[in-house]
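Colleague: starting from these lines, generate the structure:
(2 chains)
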Amino acid sequence: MPGIHNVEVEPALVRRLMRGEEAVQEQIYRLYSKPVYTMAYRVVGNQETAEDVTQEVFIDILTKASTLKDPKSFNGWVQRITMNRCRMALRSAWFRRRADVPIEDLNLEAQSNANEDTITASKAFAALPNKTRLVLWLYCIEGFTHNEIAEWLGRSPSYSKSIVNRAGKHFESHYKSNEVDAECLPLLNGSP
Amino acid sequence: MTETRLTNLIQNLPELKPSETVWKNIRARITPKPRVPTPWLTVGFAAAVMAVAAVPVINQQVEEQLPESVLALAELVEETEQMKQELLFTNALRGEPLPVERGLMYRVDALDQKAHASGNLSLEERQRLMQQQLDTLANLRYIQQENIASVRRVSL
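Modeller: Below you'll find the model as predicted:
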């Protein structure tokens, strides 16, 4: 799955956006909407907030493109805006009050071609704590190093490493419990 | 589980697509609003703006002759008043606002009083105060919408 940094965009298109041409706004949206929304959805864990985050990201991009100095840094700029908007959403008063409410399951119908491995990975990811999902996404999908993540969070690189490490253990235990469930199925079904 | 395996699992998660509503909402927010005559809700301040413009009513033809900065200020006033009415209506339906919402409302009131109190403010200062009001109202609206959504979700 490509991240925001993988999106291929022509510098000429970005320059037109920087000049304020409205005609290219939708093109830019179509190019970046999936990776931006996917990151927002996976990190914040629900569709409504993810759509709000996506809207705010694109309003920032489309109204502030003129402040960009170099079209080549467009992907990095979009990444930063998305990261900051995700973090703001996770910090919002509403989101903190939802701490006791389980993260809603992903719309697995949208992933009708998903295999069992993918479904298990989806659920394991959704069950992680908020900040872990954000750090893991930046590391595994957006290609950030531990040093870059640490600098952005204002923490040490070992903090980022320990988060990824703990996430790995969480995934492992999630997969193991799935294996146990699969082994137990014959017993539950009444066959030896 | 190795880091490589973890990374592969996450990279194999499918990409998701937002609904078309997202793009429609974005377009609605970034498309410039048409300039139409609107009855001013803040009469005193509107009168001051009109006095600066030296015209009895702002209509399409007159707008084209006015300086950009005056029109920008008039737009800010209109947008702020519309948002205030929207939030007052929402409050009337919901009842008691939360402490954080009350704090933001006090800030809006304080900015409003500052804008109206002194007759010596320049156009730029008035614009700045109106923009601050608008930004605070936007935050308040976001918080209100999130609170309404969370109450709805918990009651389900």
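Colleague: shaky segments in the chain?
Modeller: Because you didn't say which chain, this covers chain A. Along chain A, segments meeting pLDDT under 70 span A:93-114, A:178-192.
Colleague: not what I meant, chain B
Modeller: Counting by pLDDT under 70, the ranges of chain B that qualify are B:34-67, B:88-97, B:117-120, B:151-156.
Colleague: which helix runs longest in it?
Modeller: helix B:123-155 (DSSP state H).
Colleague: elements contacting that helix?
Modeller: With contacts defined as 3 or more CB pairs under 8 Å, 6 or more residues apart in numbering or on different chains; DSSP states H and E, the packing partners of helix B:123-155 are helix A:93-97, helix B:68-94, helix B:99-117. C-beta here means a position set from N, CA and C on the backbone, and glycine is covered the same way.
Colleague: can I get those helices in CSV including mean neighbour count?
Modeller: Shown next, in CSV, are the helices and strands packed on helix B:123-155 (neighbours: other CB atoms under 10 Å in any protein chain shown):
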stretch, mean neighbour count
helix A:93-97, 15
helix B:68-94, 16
helix B:99-117, 15
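Colleague: wait, which of those is closest to B:Glu3?
Modeller: helix A:93-97 (28.4 Å; CB to CB).
Colleague: out of the helices and strands packed on helix B:123-155, flag the one nearest B:Leu129.
Modeller: helix B:99-117 (4.5 Å).
Colleague: now the closest one and helix B:68-94, what's the angle there?
Modeller: 140 degrees (axes from the mean of the first three to the mean of the last three CA atoms, to 10 degrees).
Colleague: tabulate the CA atom coordinates of helix B:99-117 in PDB.
Modeller: Provided in PDB are the C-alpha atoms of helix B:99-117 (Å, rounded to 0.1, in the frame of the first residue of the first chain):
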ATOM      1  CA  PRO B  99     -17.000  24.300  30.200                       C
ATOM      2  CA  VAL B 100     -14.600  24.300  27.200                       C
ATOM      3  CA  GLU B 101     -17.400  25.600  25.000                       C
ATOM      4  CA  ARG B 102     -18.300  28.300  27.600                       C
ATOM      5  CA  GLY B 103     -14.700  29.400  27.700                       C
ATOM      6  CA  LEU B 104     -14.600  29.800  23.900                       C
ATOM      7  CA  MET B 105     -17.900  31.700  24.000                       C
ATOM      8  CA  TYR B 106     -16.500  34.200  26.500                       C
ATOM      9  CA  ARG B 107     -13.500  34.700  24.200                       C
ATOM     10  CA  VAL B 108     -15.800  35.500  21.300                       C
ATOM     11  CA  ASP B 109     -17.700  38.000  23.500                       C
ATOM     12  CA  ALA B 110     -14.500  39.600  24.600                       C
ATOM     13  CA  LEU B 111     -13.300  40.000  21.000                       C
ATOM     14  CA  ASP B 112     -16.700  41.400  20.000                       C
ATOM     15  CA  GLN B 113     -16.600  44.000  22.800                       C
ATOM     16  CA  LYS B 114     -13.000  45.000  21.900                       C
ATOM     17  CA  ALA B 115     -14.100  45.400  18.200                       C
ATOM     18  CA  HIS B 116     -17.000  47.600  19.200                       C
ATOM     19  CA  ALA B 117     -15.700  49.500  22.200                       C
END
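Colleague: packing partners of it?
Modeller: With contacts taken as 3+ CB pairs under 8 Å, 6+ apart, helix B:99-117 sits against helix B:43-53, helix B:123-155.
Colleague: on that earlier part again, turn the helices and strands packed on helix B:123-155 into CSV, columns for distance to B:Pro32.
Modeller: Compiled in CSV, the helices and strands packed on helix B:123-155 are given as follows (distance: least, CB to CB, whole Å):
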stretch, distance to B:Pro32
helix A:93-97, 30
helix B:68-94, 9
helix B:99-117, 24
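Colleague: so which of those is nearest B:Thr2?
Modeller: So among the helices and strands packed on helix B:123-155, helix A:93-97 is nearest, using CB to CB, at 31.9 Å.
Colleague: the residue of chain B found nearest chain A and A:Thr54: what is the separation?
Modeller: Going by CB to the nearest CB, chain A is nearest to B:Glu146 of chain B, at 3.5 Å. Here B:Glu146 is placed at a distance of 16 Å from A:Thr54 (CB to CB, to the nearest Å).
Colleague: these two: which is more packed in?
Modeller: More crowded of B:Glu146 and A:Thr54, by other CB atoms under 10 Å in any protein chain shown: A:Thr54, with 28 against 20.
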